[in-house]
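>>> Sequence and predicted model, in that order:
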Amino acid sequence: MSLQYLIHLANYSDGVLYILGLMLLVELAVMVDRFWYLRRTILRGLVFVQELGRHGRLDRDSLSTLAEDAGDLPEAALLRSAAAHSGQVKGEALASRLEESVLVIAPKLDRRLWLLDTIITLAPLLGLFGTIIGMFHAFSVLAKPGHAPMEVTGGVADALVSTASGLFIAMLGLLTFNAFNNQVRMILLQLDSVKTMLINRMDGQPVVTFDGEGHPNAEAVPVARAG
């Protein structure tokens with residue numbers, strides 16, 4: 001298939017194939033970007049969850065250290081929020097604040113996926129529109145005297161390329177869109193696991209101890225709550 005023939009097909013659809021080609025480029029760019037980010041986030045997050053599971057009770061300093069180690073992972077926001085509220089809130093109040101951090105993070109995970117969703121819906125419709133335009137050109141040959149039947153059938157075949165292209169772009173986008181949604185769900189499950197682990201490891205009553213002169217010590221010593 002030569003470049004000249006591709007240009008002929010695009011012109012036969014009055015430029016619809018050019019738009020479909022642009023949509024394909026956008027789709028591929030989103031696929032590469034989201035695959036790299038989501039896959040990297042899942043793998044690094046899995047390692048981080050395993051590392052967090054090896055810790056006992058977490059205080060403010062250890063939470064801050066873990067947040068620095070997390071870097072740009074979504075888990076870092078949870079750790080920073082936990083460090084900010086360490087020793088101040090616990091139980092349901094702490095869980096509510098951590099859940100708030102998850103809600104802030106969630107929109108960043110499915111960033112630009114709306115483009116794939118739009119392309120999945122628009123590409124087949126645009127391809128069908130290009131085919132209809134191509135049909136107009138194909139059957140306009142019948143109005144000319146001395147037309148050849150091969151011109152009509154060849155024009156119909158050229159017109160159907162738009163529909164085929166639109167369907168291909170939509171199918172490719174649908175597969176990747178569902179895959180990315182599944183990866184986003186896995187990351188949210190990791191965040192939920194981190195939230196539960198933080199609540200369990202920050203549980204306890206901070207008490208104030210006093211020195212020999214009756215002054216409170218600077219650090220609170222956690223003790224287990226009575227059953």
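Everything's here; your move.
>>> mind listing the helices for this protein?
3-12, 16-53, 60-70, 75-85, 91-109, 113-139, 149-201 (DSSP state H).
>>> which of those sits most buried?
Across these, averaging neighbours per residue (mean count of other C-beta atoms under 10 Å) puts helix 75-85 on top, at a mean of 21. The way it works is simple: take the backbone N, C-alpha and C, and place the C-beta from them, glycine included.
>>> contact partners of that one?
Here helix 75-85 makes contact (C-beta atoms under 8 Å, 6 or more residues apart in numbering) with 45, 48-49, 58, 60, 63-64, 66-67, 70, 94, 97-98, 100-102, 104-105, 190-191, 194-195, 198, 202.
>>> Show me the shaky parts of the protein.
Applying pLDDT under 70 to the chain flags residues 1-6, 8-13, 89, 141-155, 203-227.
>>> Report the separation between the most centrally placed residue in it and Gly71.
Nearest residue to the geometric centre of the chain (C-alpha atoms, centre = their mean): Asp110, 2.8 Å. To Gly71, Asp110 is 21 Å away according to C-beta to C-beta, to the nearest Å.
>>> how far away is the residue lying closest to Ala95 once chain neighbours are set aside from Val26?
Once flanking residues are discounted, Ala95 sits nearest to Ile199: 5.6 Å by C-beta to C-beta, 6 or more residues apart in numbering. Spatial separation of Ile199 from Val26 under the definition C-beta to C-beta is 41 Å.
>>> Could you do Leu174 as well?
Counting by C-beta to C-beta, the gap from Leu174 to Val26 is 15 Å.
>>> which residues touch Leu128?
Each residue near Leu128 by C-beta under 8 Å, 6+ apart is listed here: 162-163, 166.
>>> hmm, try it at 7 Å
Leu128 makes contact with 163, 166 under the criterion C-beta atoms under 7 Å, 6 or more residues apart in numbering.
>>> go on, the one 3 residues further on?
If you count contacts by C-beta under 7 Å, 6+ apart, Thr131 has them with 159-160, 162-163.
>>> which of those sit farthest apart?
Largest separation among the contacts of Thr131 by C-beta to C-beta: Ala159 and Thr163, giving 8.1 Å.
>>> Setting aside sequence neighbours, what's the nearest residue to Leu191?
Spatially, and ignoring its direct neighbours in sequence, Leu191 is nearest to Val102 (5.2 Å; C-beta to C-beta, 6+ apart).
>>> What is the nearest of the contacts of Thr131 to Gly53?
So of the contacts of Thr131, ranked by how close each gets to Gly53 (C-beta to C-beta), first place is Thr163, at 52.2 Å.
>>> ok, now how distant is Leu174 from Leu66?
Taken as C-beta to C-beta, the span from Leu174 to Leu66 is 38 Å.
>>> Please apply the same query to Leu125.
49 Å.
>>> Could you do Met202 as well?
Going from Met202 to Leu66 by C-beta to C-beta gives 12 Å.
>>> Then Ser140?
70 Å.
>>> If you drop the residues flanking it in sequence, what lies closest to Arg34?
The spatially closest residue to Arg34, leaving aside those adjacent along the chain, is Phe180, at 5.2 Å (C-beta to C-beta, 6+ apart).
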